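[1] Here is a sequence with its predicted model. Questions after.
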Amino acid sequence: MKSILGIGNALTDILAVLPDDTLLNTFHLPKGSMQHVDAETGDSIWTALKPLGVKYVAGGSAANTISCTAIFGMPSSFIGKIGNDELGLLFKSDQEQYGVQTHLLTSEHSSGRSMVFVSGGNAERTFAVYLGAALDLVPDDLDPAWFEGFDYFHIEGYLVQNQDLVRRAVELAHAAGCTISLDLASYNVVESNLAFLHDIVGKYVDIVFANESESRAFTGRKDPREALDVLASLCRTAIVKVGKDGSWVKSGDEVYCIAPWPADPVDATGAGDTYAAGFLYADSLGLPLKMCGEIGSIIAAKVVEVIGTKIDIPRWRAAKQEIRELIAAYEA
Ligand SMILES: Nc1ncnc2c1ncn2[C@@H]1O[C@H](COP(=O)(O)OP(=O)(O)OP(=O)(O)O)[C@@H](O)[C@H]1O
Ligand SMILES: [Mg+2]
């Protein structure tokens with residue numbers, strides 16, 4: 001099986017279900033938004049959430065993708081930075097439990113965390129993110145030896161807050177002969193780093209993942225189908241995900257519209273990260289483009305059926321069975 005190395009913000013999700021909007025108002029967090037907070041605010045939010053009963057789950061976009069590729073059976077490794085604290089240990093043991101080989105450096109700042117407020121009936125989510133130690137990952141931290149022997153290298157767009165780090169990472173991955181994939185992460189990340197991302201995608205990236213708003217931001221507001229053409233003109237394979245409407249995939253002259261796999265959705269968090277894992281796993285098996293999109297959709301459909309980013313064991317079993325059947329039908 002081919003191997004994959006990922007790099008991203010090492011974050012732990014701290015989830016709390018809110019009885020009402022009092023805490024959102026106290027911390028001036030508009031419902032549904034994602035805000036970065038400093039250490040002090042981060043600590044007071046965490047303290048205020050604890051009495052509600054909180055759940056701790058390792059998260060972070062690329063980290064989620066890499067845990068999934070490990071469950072698919074790909075030798076998987078992750079580079080990140082944590083604090084010398086309990087959340088850092090939790091993040092590390094979560095990754096190791098899935099068989100991920102970790103390169104987790106430590107910083108004197110506390111571990112990064114994403115405090116997730118889940119509001120009532122429709123499970124709407126509001127995020128307050130303290131990046132902490134994750135922000136301290138610097139180009140000199142990257143050891144070229146970590147990249148050697150890996151077939152794939154996956155990077156999350158959230159890291160472009162440190163452009164030198166991203167450039168150094170893709171240079172090392174390129175020198176090691178990896179197939180490089182990038183998830184554009186968020187439309188505001190794309191908007192604020194447009195020239196840099198165009199340069200990196202054109203020069204280094206083989207496979208680019210964008211959702212609809214990221215693809216619009218990348219291409220000056222083009223519709224998903226047109227944005228797909230622009231992205232695919234820059235690299236080997238482009239994917240534009242359109243949520244419950246599925247995804248578009250393109251490589252050279254080959255284009256497919258991939259229907260979503262049937263699901264009973266409760267919470268779409270993590271859909272993009274798991275789609276990427278399924279797509280990369282299928283690509284690593286040398287499967288055709290359309291099947292890569294379909295396998296991404298199968299696994300994404302499982303994560304939208306659960307609250308949070310972790311697929312339970314019965315759903316993993318079902319996904320693996322559905323994927324085996326798809327591959328068997330292709331080979332027959
Ligand atoms: N309601 C749904 N039912 C079935 N599949 C879904 C649903 N919502 C999303 N998906 C699948 O998940 C994929 C990725 O979703 P989406 O377009 O939301 O990506 P994203 O915005 O990158 O996600 P994320 O918020 O995790 O970053 C879709 O292409 C689709 O295959
Ligand atoms: Mg995404």
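    Now that the structure is in, tell me what you want to look at. Ligands and ions are numbered 1, 2, ... in the order given.
[2] so the nearest residue to residue 53 once chain neighbours are set aside bridges to which residues?
    Ranked by Cβ to Cβ, 6 or more residues apart in numbering and with sequence neighbours excluded, the top spatial neighbour of residue 53 is residue 16, at 7.1 Å. Glycine gets a C-beta too; all of them are placed from N, C-alpha and C. On the basis of DSSP bridges, residue 16 is bridged to residue 117.
[3] how much space between residue 134 and ligand 1?
    Residue 134 is 17 Å from ligand 1, where distance means Cβ to the nearest ligand atom, to the nearest Å.
[4] Surely that residue touches residue 81?
    Yes: with contact defined as Cβ atoms under 8 Å, residue 134 counts as touching residue 81 (5.7 Å).
[5] Overlap in contacts, these two.
    Overlap of the contact sets of residue 134 and residue 81 (by Cβ atoms under 8 Å, 6 or more residues apart in numbering) consists of residue 10.
[6] any idea of the pLDDT on the closest residue to ligand 1 within the stretch 201-332 of the chain?
    Closest contact between the stretch 201-332 of the chain and ligand 1, by Cβ to the nearest ligand atom, is at residue 272 (2.2 Å). Looking at residue 272, its pLDDT is 97.
[7] Please list all residues in contact with it.
    Counting by Cβ under 8 Å, 6+ apart, residue 272 touches 61, 183, 209, 211, 241, 300.
[8] Pipe these into TSV and attach neighbour count and secondary structure per row.
    Below are the contacts of residue 272 laid out as TSV (neighbours: other Cβ atoms under 10 Å; DSSP: H, G, I helix; E, B strand; the rest coil):
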residue	neighbour count	secondary structure
61	26	helix
183	27	strand
209	32	strand
211	22	strand
241	28	strand
300	29	helix
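[9] and residue 36, how many residues sit next to it?
    Using other Cβ atoms under 10 Å, residue 36 has 13 neighbouring residues.
[10] sorry, back to before: which stretch of helix or strand covers the residue of the stretch 201-332 of the chain closest to ligand 1?
    helix 271-284 (DSSP states H and E).
[11] Repeat that for residue 264.
    Here residue 264, judged by DSSP H and E, is contained in no helix and no strand.
[12] mind checking the SS state of the closest residue to residue 264 other than its chain neighbours?
    Leaving aside its sequence neighbours, residue 264 sits nearest to residue 305 (Cβ to Cβ, 6+ apart; 5.6 Å). Secondary structure, DSSP: H, G, I helix; E, B strand; the rest coil: residue 305 is coil.
[13] surely residue 305 meets residue 268?
    No: Residue 305 is beyond contact range of residue 268, at 10.1 Å (criterion: Cβ under 8 Å).
[14] could you pull out the helices for the protein?
    22-26, 39-49, 61-71, 86-97, 163-175, 187-192, 194-203, 212-218, 224-234, 271-284, 289-303, 313-331 (DSSP state H).
[15] Next up, the contacts around the residue nearest to the spatial centre of the chain.
    The residue lying closest to the centre of the chain (Cα atoms, centre = their mean) is residue 61, at 2.6 Å. Residues in contact with residue 61 (Cβ under 8 Å, 6+ apart) are 8-9, 156-158, 183, 185, 272-273.
[16] and what of residue 228?
    Going by Cβ under 8 Å, 6+ apart, residue 228 touches 215, 238, 240, 248-250, 255.
[17] Widest-spaced pair of these?
    Greatest spatial distance among these (Cβ to Cβ): 215 and 255, at 14.2 Å.
[18] The two - which one has more neighbours?
    Per other Cβ under 10 Å, whichever of residue 215 and residue 255 has more neighbours is residue 215, with 30 against 16.
[19] Now that one. Nearest residue, chain neighbours left out?
    Here the residue nearest residue 215, using Cβ to Cβ, 6+ apart, is residue 227, at 3.7 Å.
[20] just checking, that neighbour touches residue 241?
    No: contact status for residue 227 versus residue 241: not in contact, 11.3 Å apart, counting by Cβ under 8 Å.
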